[in-house]
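A.B. asks: Need coordinates for the following:
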Amino acid sequence: MFTIATYNTNSIRARLHIIKKYIEDIHPDCLCLQETKVVDEQFPKEFFLEQKYNVIFKGQKAYNGVAIASPHKIEDVIFGFEDGEDREEDLTRLIRCKIKGISIINSYVPQGRDIEHEQYQIKLNWFKRLKRLFEQKYKKELPIIWCGDMNVAPTELDVYEPEKKLDHVCFHEAVRRAFLDVVSWGFIDIFRKFHPEPEQFSFFDYRIRGAVKRKLGWRIDHILVTKNLADKAIDAKIDLKYRLLQKPSDHTFVRALFDL
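C.D. replies: Below you'll find the predicted structure:
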């Protein structure tokens with residue numbers, strides 16, 4: 001068996017109590033984390049070692065930051081795209097490695113701010129760069145998992161009141177098209193394989209009172225896998241209860257289980 005989970009921590013040091021409980025409950029073979037918001041010198045590496053997890057990470061003060069933790073050996077670690085365009089922000093938003101022979105790509109896609117803002121164009125270009133990355137560095141016939149906070153709700157099922165979100169940077173037509181273009185390279189949305197039903201969300205805005213219970217959320221955290229892994233998948237879940245714990249992130253864990 002192989003379990004992978006993805007979680008936007010919205011400041012990892014503030015969520016260690018939640019991560020600890022999740023590791024104790026689920027024992028994931030791979031835990032992909034985003035928005036760690038901490039420089040490398042202050043990353044809680046010892047915490048993961050205490051859980052008997054290896055961990056790789058790269059971060060910045062107060063924003064961005066990605067990490068991958070695993071009880072298994074983490075190999076072939078790469079930060080960023082290595083496409084000649086990498087900035088510091090790219091290095092702290094994209095981390096790649098191999099665990100038990102599976103290629104893992106953990107991404108924290110830029111949010112975009114506003115569809116008229118230059119950051120939105122950077123976001124759209126990010127998906128183009130990801131497509132090139134997969135085309136040039138990976139083979140769809142091999143076991144690959146691309147996961148993380150994609151900052152995209154790809155369909156109307158993936159956000160509450162979609163008719164009111166048409167100009168939102170996480171639901172605008174152009175960004176959905178850009179995301180699905182990357183998916184078309186050879187990925188399968190493993191959560192939707194098991195859960196085609198509506199009101200399945202992984203992110204709930206702090207500013208909306210009772211958002212979780214009222215089901216006012218977004219599904220913007222995704223696990224995409226190549227076909228050979230999708231064929232071996234036996235379950236996928238959004239672990240909602242961790243969003244209801246004390247001092248939660250505004251996201252919760254999404255995980256997938258494979259019979260390997």
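
A.B. asks: ranges for the strands of the stretch 51-200 of the chain?
C.D. replies: If DSSP state E, counting those that start in this stretch is used as the criterion, the strands of the stretch 51-200 of the chain fall at 54-58, 66-70, 74-79, 94-99, 102-108, 144-149, 188-189.

A.B. asks: Share the number of residues neighbouring residue 216, please.
C.D. replies: 17 (other CB atoms under 10 Å). Every residue, glycine included, has its C-beta placed from N, CA and C.

A.B. asks: mind saving the C-alpha coords of stretch 111-125 as PDB?
C.D. replies: Output of stretch 111-125 as PDB, limited to C-alpha atoms (Å, rounded to 0.1, in the frame of the first residue of the first chain):
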ATOM      1  CA  GLN A 111      -2.900  32.500  -6.600                       C
ATOM      2  CA  GLY A 112      -2.900  35.300  -9.200                       C
ATOM      3  CA  ARG A 113      -4.500  38.200  -7.200                       C
ATOM      4  CA  ASP A 114      -6.800  39.500  -9.900                       C
ATOM      5  CA  ILE A 115      -7.500  38.600 -13.500                       C
ATOM      6  CA  GLU A 116      -6.200  42.100 -14.600                       C
ATOM      7  CA  HIS A 117      -3.000  41.800 -12.500                       C
ATOM      8  CA  GLU A 118       0.300  40.700 -13.900                       C
ATOM      9  CA  GLN A 119       0.400  38.000 -11.300                       C
ATOM     10  CA  TYR A 120      -2.400  36.300 -13.100                       C
ATOM     11  CA  GLN A 121      -0.300  36.100 -16.200                       C
ATOM     12  CA  ILE A 122       2.500  34.600 -14.200                       C
ATOM     13  CA  LYS A 123       0.000  32.000 -12.900                       C
ATOM     14  CA  LEU A 124      -1.100  31.100 -16.400                       C
ATOM     15  CA  ASN A 125       2.500  30.900 -17.500                       C
END
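
A.B. asks: Could you give the average pLDDT over it?
C.D. replies: Stretch 111-125 comes out with an average pLDDT of 97.

A.B. asks: Just the buried residues of it, please?
C.D. replies: The neighbour-count check on stretch 111-125 (16 or more other CB atoms under 10 Å) flags 112, 115, 120, 122, 123, 124 as buried.

A.B. asks: Run through who's touching that stretch.
C.D. replies: Here stretch 111-125 makes contact (CB atoms under 8 Å, 6 or more residues apart in numbering) with 109, 110, 151, 167, 168, 169, 170, 172, 174, 175, 178.

A.B. asks: OK, contacts around the third one?
C.D. replies: If I follow you right, that is residue 151. For residue 151, the contacting residues are 109, 110, 111, 112, 123, 169, 170, 175, 220, by CB under 8 Å, 6+ apart.

A.B. asks: Any regions of the stretch 151-260 of the chain where pLDDT drops low?
C.D. replies: For the stretch 151-260 of the chain, no stretch is flagged by pLDDT under 70.

A.B. asks: rewinding a little: in a markdown table, list the strands of the stretch 51-200 of the chain along with distance to residue 259.
C.D. replies: Converted to a markdown table, the strands of the stretch 51-200 of the chain look like this (distance: least, CB to CB, whole Å):
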| stretch | distance to residue 259 |
| --- | --- |
| strand 54-58 | 24 |
| strand 66-70 | 18 |
| strand 74-79 | 22 |
| strand 94-99 | 16 |
| strand 102-108 | 13 |
| strand 144-149 | 15 |
| strand 188-189 | 16 |
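
A.B. asks: Just the buried subset of the contacts of stretch 111-125, written out for PyMOL, thanks.
C.D. replies: Selection of buried members from those for PyMOL, criterion 16+ other CB under 10 Å:
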select buried, resi 109+110+151+168+169+170+172+175+178
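
A.B. asks: Could you tell me which of the contacts of stretch 111-125 are located in helices?
C.D. replies: 174, 175, 178 (DSSP state H).

A.B. asks: excluding its backbone neighbours, what's nearest the second one?
C.D. replies: Counting by CB to CB, 6 or more residues apart in numbering, residue 152 is the residue found nearest to residue 175 once chain neighbours are left out, at 5.5 Å.
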